[in-house]
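Colleague: Sharing a sequence plus its predicted fold:
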Amino acid sequence: MGYRFRWVLVARRKGGLLEAIAQRREVALHVRVGCAFEYEFERATPAVFLVRPEDGGGHHVIREQWATLPDAIYHDYTDLFGNACRRLTLPEGSVSVHYDATVQTSSQLDAVDWNAEQHLVQDLPDDVLVYTLPSRYCLSDVLGDHAMRLFGSAPRGRGCVQAICDWVHAHVSFIAGTSTPLTTAVDVFESGRGVCRDYAHLAITFCRAMSIPARYVCGYLPDIDVSPPYPPMDFCAWFEAYLGGMWWTFDPRNNEQRKGRIRIALGRDALDVATVTTYGASQFKAMSVWADEVSDGGTSAR
């Protein structure tokens, strides 16, 4: 692994002469992301889709395409957390929704600062306080005593959050299909198993119990500079902790820096960032997700 750079020759004048110097310029990654869903509806059904990558904060959506068959009435809006949502009324019968985009993002690994300090609660910004509180899946009040027992002696700041990620990574087994929409961080703590959202929920819960603001993130995570075999592609979940006046990325499921990570949405926990929300009876039939590095010409770089 490593950073990807391009050396560029630049001419400059020195003492009346032009000389060529080499400058190092970072080359951005281009990642193709998207998803497709198939449903069966008994009647026209309202729905909200949250699958569009964040456009900003280091990401730039170069192109995107939505396709709904049959056509559906829709409009876009931004939710309370700043996430880009699409609201549709899906028709009766078989319906497919397809989203595809190319996103430009940094080629660097997730940023790390071991000196990032933990804030005193009284010094936190007002809009950050909500991420110190218990939420639907992150019951920090229930696991508070366990968090203090496990991490009370850990160094404050980055060291404490990393200790939490190390513990969650080591004590939770990734087993597909072991959690449900009702599974909380307490359930994961007691069972020791789950999927990426469960890893994130448990780590967030411990962080909040230690008075470290933490928020849930869902997105696309390509397998760039990762050795095969590759797991089946799906939406991915991680979290961000507020340290040293900034939000920092942590991934207790993989517990390593990755590149090409593209955020879709953030919130208190998975309840705030459901990929699809339907308001009525529906039969889910199929889903596919993709996230791959592409060359400048738009072809897969793998």
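Modeller: Now that the structure is in, tell me what you want to look at.
Colleague: okay, CA-based contacts and neighbour counts for the rest of this
Modeller: Fine.
Colleague: Tell me how the chain divides into domains.
Modeller: If you go by automatic domain parsing, the domain ranges for the chain are 29-106+276-293, 121-271.
Colleague: Quick one: end-to-end distance for the first one.
Modeller: What that stands for is domain 29-106+276-293. With Cα to Cα, to the nearest Å applied, domain 29-106+276-293 spans 7 Å between its terminal residues.
Colleague: what distance separates it from the middle of the whole chain?
Modeller: Here the centre of domain 29-106+276-293 is set off from its chain's centre by 16 Å, with Cα atoms, centre = their mean, to the nearest Å.
Colleague: Then stretch 125-142?
Modeller: With Cα atoms, centre = their mean, you get 18 Å for stretch 125-142.
Colleague: contacting residues around it?
Modeller: By Cα atoms under 8 Å, 6 or more residues apart in numbering, the residues outside stretch 125-142 that reach it are 183-186, 201-202, 204-206, 208-209, 211-215, 268-271.
Colleague: try it again with 7 Å
Modeller: Contacts to stretch 125-142, defined as Cα atoms under 7 Å, 6 or more residues apart in numbering, come from residues 184-186, 201-202, 204-206, 208-209, 211-215, 268-269.
Colleague: which ones among those are found in strands?
Modeller: Counting by DSSP state E, the members of the contacts of stretch 125-142 that fall within strands are 214-215.
Colleague: are any of the contacts of stretch 125-142 buried, and which?
Modeller: Buried members of the contacts of stretch 125-142, counted by 16 or more other Cα atoms under 10 Å: 184-186, 201-202, 204-206, 208-209, 211-215, 268-269.
Colleague: which stretches of the protein form helices?
Modeller: Listed in chain order, the helices found in the chain under DSSP state H are 144-151, 158-171, 185-191, 196-209.
Colleague: What angle do helix 196-209 and the second one make with each other?
Modeller: Right, helix 158-171. Going by axes from the mean of the first three to the mean of the last three Cα atoms, to 10 degrees, helix 158-171 is angled at 140 degrees with respect to helix 196-209.
Colleague: now helix 158-171: how far from the chain's centre is it?
Modeller: How far helix 158-171 lies from its chain's middle: 18 Å, per Cα atoms, centre = their mean.
Colleague: which parts of it are buried?
Modeller: Result for helix 158-171 [16+ other Cα under 10 Å]: buried residues 158-166, 168-169.
Colleague: from what I can see Cys236 touches Pro222, true?
Modeller: No - here Cys236 does not reach Pro222: they are 9.6 Å apart, not a contact under Cα atoms under 7 Å.
Colleague: Pass me the low-pLDDT residue ranges in this protein, would you?
Modeller: 1-26, 296-302 (pLDDT under 70).
Colleague: Now with 90, please.
Modeller: Residues of the chain meeting the criterion pLDDT under 90: 1-28, 56-59, 227-232, 295-302.
Colleague: Please enumerate the strands of the stretch 1-150 of the chain.
Modeller: If DSSP state E, counting those that start in this stretch is used as the criterion, the strands of the stretch 1-150 of the chain fall at 5-14, 17-26, 29-41, 45-49, 60-69, 73-78, 84-90, 93-105.
Colleague: Now tabulate these in CSV and tack on distance to Ser153 and mean neighbour count.
Modeller: Below are these laid out as CSV (distance: least, Cα to Cα, whole Å; neighbours: other Cα atoms under 10 Å):
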stretch, distance to Ser153, mean neighbour count
strand 5-14, 40, 11
strand 17-26, 40, 11
strand 29-41, 40, 21
strand 45-49, 42, 17
strand 60-69, 41, 14
strand 73-78, 41, 11
strand 84-90, 40, 20
strand 93-105, 37, 19
